[in-house]
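In: Sequence first, predicted model second:
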Amino acid sequence: MKAQKISESVFCLYADVQTADLFEGIWPIPRGVSLNSYLVRGKKTALIDLVRDWSGAPKQLEEALASAGAGFNGIDYLILNHLEPDHTGWLGEFRKINPKAGIISTARGINLVKTFYKEETGLRAVKDGDTLDLGGVELAFFETPNIHWPETMMTWEPESGTLFSCDAFGSFGALGGRIFDDEFSVEEHGFYEKEGLRYYANIVSSFSAFVERGIQKLAGLNIACVAPGHGMVWRKNPRTIIDRYLKYASYSRAGDASGEPEIAVIWGSMYGNTKTGLDAVIRGIEAEGVPYSIHRVPNEDVSYVLADAFKSRALVLAMPTYEYAMFPPMAYVLDIFARKHIFGKTVLRIGSWGWVGGAKKEYEAAIEALKWESVPSMEWAGAPTEQELAVLEERGRELARVVKA
Ligand code: FEO
């Protein structure tokens, strides 16, 4: 990829990763992901964020640098906003090529440079408000801890108004030759918005309070361009992605009716009896005209389930009893929900049992910390009767009315 000019001094360099591998070893990226780095040039040269050796990313970065007339060995400072190895895994190789470049990060970041990469020299820890003079271009640093690792910072270039935000304001999805928000169609923006929400729900949602704090801290900056570590660079409408993050952060607040007025239906069924009951619930939801998404587990990856559950104000959880307890794929989903702070939802749980129930006790323990409101649960033995189906349809209506209220 060629370097893309943000200003006379600032260039975006990115590597498109297309891989069957999982992001963080957990999350599928069937349409890839970009690893964005940035070149800032005054009399001295800084490279902001690196790559890992993943799907040819170092070679792509080298080519992008070359297209801007630069090379790894000409970098004076390597700025690491965040130490997760998607942005730093190639650090050892970089240092072999260029042992003189100073490495700049927060104190916690420098500690991770030492523990992850065993580098001990040429390291500078910066704190809030510290600056780096490149000769004609100055960079400033803002600590933004826990968006999403504790050492995270953002780098600011005031002349062009560019905020290098690392994982914040990012998205899954490779870029395929374009980088700026004004270069994508409305349809493409729809794709990246969806992938951006999944990215947020998967890797950022646990830290929503820190997202709000970080955005507050940066409120005084006149941001003309948001330049994240993944996904498109927002030079036309930077406020769009900042406001979107504020909205996502609000979804995590316990106690509010958090999320959009829609329902995420998550279901598993062994032999169809739970599915028959769920169909009745869905008839009730449809009768009330509330939009819903539907996800079967374990068939669908939890990454996608998480995104729609995070966004929706209400959930339906439909699962059979399995060996006197919850259907195991649903137990996994609920464990992920707890880890990712899927708070403040209104939930209807339903399911069929064979010899005896048993999911209830485990379910209630699993959701204890999530501060959910419940529409009364409904369980039945074997196949649902006509009477039970009528009750289930009414429960679907009841849940939908809560969402509309
Ligand atoms: Fe893109 Fe947290 O690394």
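Out: Okay, I see it.

In: C-alpha from now on. contacts and neighbour counts both.
Out: OK.

In: Any idea how many residues pack against the residue in the stretch 251-400 of the chain that the ligand sits nearest to?
Out: Of all residues in the stretch 251-400 of the chain, the one sitting closest to the ligand is Lys340 (14.9 Å; C-alpha to the nearest ligand atom). For Lys340, the count of nearby residues is 20 (other C-alpha atoms under 10 Å).

In: quick one, phi/psi of it?
Out: Dihedral pair for Lys340: phi -100, psi 10, per degrees, to the nearest 10.

In: so it makes contact with Tyr199?
Out: No - at 11.9 Å, Lys340 and Tyr199 do not qualify as touching, with contact defined as C-alpha atoms under 8 Å.

In: residues touching the residue of the stretch 251-400 of the chain closest to the ligand, list them.
Out: With contact set as C-alpha atoms under 8 Å, 6 or more residues apart in numbering, Lys340 has these partners: 201-202, 205-206.

In: Return only those of these found close to the ligand.
Out: With the criterion set as C-alpha under 6 Å from any ligand atom, no member of those is near the ligand.

In: and of these, the nearest to the ligand?
Out: Using C-alpha to the nearest ligand atom, the contacts of Lys340 come closest to the ligand at Asn202, 11.0 Å.

In: how about that closest one, phi and psi?
Out: The phi and psi values for Asn202, taken as degrees, to the nearest 10, are phi -80, psi -40.

In: quick one: it from Trp380, how far?
Out: 34 Å (C-alpha to C-alpha, to the nearest Å).

In: More neighbours: which of the two?
Out: Between Asn202 and Trp380, Asn202 has the larger neighbour count (other C-alpha under 10 Å), namely 24 against 20.

In: quick one: the helices in the chain?
Out: Applying DSSP state H to the chain gives helices spanning 57-67, 85-88, 91-97, 107-117, 186-199, 208-217, 238-251, 273-288, 302-311, 328-339, 359-367, 386-404.

In: so which of those helices is the most packed in?
Out: Of all the helices of the chain, helix 302-311 has the most neighbours on average by mean count of other C-alpha atoms under 10 Å, namely a mean of 24.

In: gap between that helix and the chain center?
Out: Mean C-alpha position of helix 302-311 versus that of the full chain (C-alpha atoms, centre = their mean, to the nearest Å) differs by 11 Å.

In: what residues does it touch?
Out: Helix 302-311 has contacts (C-alpha under 8 Å, 6+ apart) with 27-28, 197-198, 200-202, 248, 251-252, 259-260, 263-264, 266, 293, 295, 315, 333, 336-337, 342.

In: what mean pLDDT does it have?
Out: Averaging pLDDT along helix 302-311 gives 98.

In: That'll do, ta.
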